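K.L.:
this is a predicted model, with the sequence first.
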Amino acid sequence: MTATINMDADNRRGAFEIVIDKKVVAKMTFVFAGPAKFIIDHTEVNPEYNGKGFGKILIQKAIGFAKDKNSKIIPLCPFAKAYFEKHPELNNVLVS
């Protein structure tokens, strides 16, 4: 099983996806909320891949993207919000 992580974005919205055998098995979507912040609005993992850490991988990609773009994250999706609540050391990437 080889997983590929893709990122696609335009000027308004984007997504991170984990693809296995040409099938999207996990996806996190976001919407830009200005030039230096974006809202994570949805995270979904195919049920057969639950418990494999794919949600965490997507969060880490979003954090890396925020740092690369000198942006901040607004975690509205319940998964992302819970993740950041469990990891207060990452608050520096969140909109304060």
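P.N.:
Cool, got the structure.

K.L.:
please make it C-alpha for all contacts and neighbour counts, starting now.
P.N.:
Will do.

K.L.:
which strands and helices sit next to the top helix by length along the chain?
P.N.:
Looking across the chain with DSSP state H, the single longest helix is helix 54-68. Applying 3 or more CA pairs under 8 Å, 6 or more residues apart in numbering; DSSP states H and E, we find helix 54-68 packed against strand 13-20, strand 23-32, strand 37-45, strand 72-75.

K.L.:
next SSE downstream of the shortest one?
P.N.:
Remark: after strand 72-75, the chain's next helix or strand is helix 78-86, criterion DSSP states H and E.

K.L.:
who does that following helix touch, helix- and strand-wise?
P.N.:
strand 37-45.

K.L.:
what sits up against the strand it packs on?
P.N.:
With contacts defined as CA atoms under 8 Å, 6 or more residues apart in numbering, strand 37-45 is touched by 25-33, 54-55, 66, 71-80, 95.

K.L.:
any idea of the pLDDT on the residue nearest to residue 79 when sequence neighbours are not counted?
P.N.:
Closest residue in space to residue 79, ignoring its immediate chain neighbours: residue 43 at 6.6 Å, by CA to CA, 6 or more residues apart in numbering. The model reports residue 43 with a pLDDT of 98.

K.L.:
partner residues bridging residue 43?
P.N.:
residue 28 (DSSP bridges).

K.L.:
any idea how far it is from residue 30?
P.N.:
Using CA to CA, to the nearest Å, one obtains 9 Å as the distance from residue 43 to residue 30.

K.L.:
over to residue 3?
P.N.:
Applying CA to CA to residue 3 and residue 30 gives a distance of 21 Å.

K.L.:
do the same with residue 58
P.N.:
On the measure of CA to CA, residue 58 and residue 30 end up 11 Å apart.

K.L.:
just residue 19 next, same as before
P.N.:
Counting by CA to CA, the gap from residue 19 to residue 30 is 18 Å.
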